[in-house]
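Student: requesting a structural model of the entry that follows:
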Amino acid sequence: INGSRADMQGFAAAIRTSPEKTVQLSVNRAGTPVEISLVPKRILDEKTQSAVGRAELRFGPGIEFVTVRLTPLQSLETAFDKVVGLTRFQAAAVGGMAKGEVSTENLSGPVGIAGMAGSALTAGVSAFLEFVALISIAIGFMNLIPIPALDGGHVMFLLYEVIARRKPSDKFLEYAQVTGMFLLFALLIYANGNDIFRFFFK
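Tutor: Down below sits the predicted model:
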């Protein structure tokens with residue numbers, strides 16, 4: 001890109017920072033170098049309210065998939081690494097939403113999850129099982145968020161007992177549980193609203 005080597009992230013960054021400016025791409029197409037001039041469209045970033053570039057492009061299926069056989073021990077190591085990676089990704093996504101850096105439109109409820117499960121099933125049994133594992137990890141992670149109605153809330157109260165050496169009052173626990181349930185229902189309604197909006201309007 002403009003004479004410098006770049007990966008996918010570098011490509012996206014160059015497009016984003018070049019609204020209505022010519023970007024020179026050098027592409028290796030089946031062993032033949034090809035020069036392409038691209039002018040990204042100028043759009044308004046809703047989060048930053050600044051002008052950014054967008055290219056009407058999508059990455060094609062240029063990846064060749066191969067089957068790799070692992071030993072039982074290697075399988076456990078790979079599974080552990082994947083769970084850790086997905087958990088970190090979810091933590092970063094939730095933190096980004098809390099800071100306003102990640103759009104809450106990415107949230108999906110049961111309707112969206114069912115649609116994604118159907119798409120995963122059509123891609124094959126392996127893809128469907130991986131999707132089920134992803135949902136299980138996501139549920140486990142969300143359940144540990146310190147909201148009173150979730151297990152993370154109970155852990156939070158137990159830590160309070162250990163530190164303060166006394167239990168919270170019954171009245172406080174009652175209010176906390178009600179507040180937690182209200183937050184969960186509000187989140188569920190919002191996520192389902194996102195699913196319905198995507199289904200009818202996108």
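
Student: where do the helices sit along the chain?
Tutor: For the chain, the helices identified by DSSP state H occupy 8-16, 72-99, 110-122, 125-143, 151-164, 170-201, in order along the chain.

Student: low-confidence ranges, the protein, go.
Tutor: 46-48, 58-65, 100-104, 106, 198-199, 201-202 (pLDDT under 70).

Student: okay, which residue is most central for it?
Tutor: Ala93 (5.7 Å; Cα atoms, centre = their mean).

Student: distance check, that residue against Met142.
Tutor: For Ala93, the distance to Met142 under the criterion Cβ to Cβ, to the nearest Å works out to 11 Å. To be clear about C-beta, it is placed using only N, CA and C from the backbone, and glycine gets the same treatment.

Student: for the helices of the chain, give me CSV that also has distance to Lys41.
Tutor: Below are those laid out as CSV (distance: least, Cβ to Cβ, whole Å):
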stretch, distance to Lys41
helix 8-16, 10
helix 72-99, 25
helix 110-122, 28
helix 125-143, 33
helix 151-164, 43
helix 170-201, 21
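
Student: for these, which one sits closest to Ala55?
Tutor: Distance to Ala55, taken as Cβ to Cβ, is lowest for helix 8-16 among the helices of the chain, at 4.8 Å.

Student: follow-up on the earlier one: how about the helices of the chain, which one is nearest Leu25?
Tutor: helix 8-16 (8.3 Å).

Student: mind listing what's buried along the closest one?
Tutor: Using 16 or more other Cβ atoms under 10 Å as the burial criterion, the residues of helix 8-16 that qualify are 11, 14-15.

Student: got the CA coordinates for it in PDB?
Tutor: Once non-C-alpha atoms are left out, helix 8-16 reads as follows in PDB (Å, rounded to 0.1, in the frame of the first residue of the first chain):
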ATOM      1  CA  MET A   8      -5.200  -6.800   6.500                       C
ATOM      2  CA  GLN A   9      -5.100  -4.400   9.500                       C
ATOM      3  CA  GLY A  10      -2.700  -2.100   7.700                       C
ATOM      4  CA  PHE A  11      -4.900  -2.200   4.600                       C
ATOM      5  CA  ALA A  12      -8.000  -1.300   6.600                       C
ATOM      6  CA  ALA A  13      -6.100   1.500   8.400                       C
ATOM      7  CA  ALA A  14      -4.800   3.000   5.100                       C
ATOM      8  CA  ILE A  15      -8.300   3.000   3.700                       C
ATOM      9  CA  ARG A  16      -9.900   4.500   6.800                       C
END
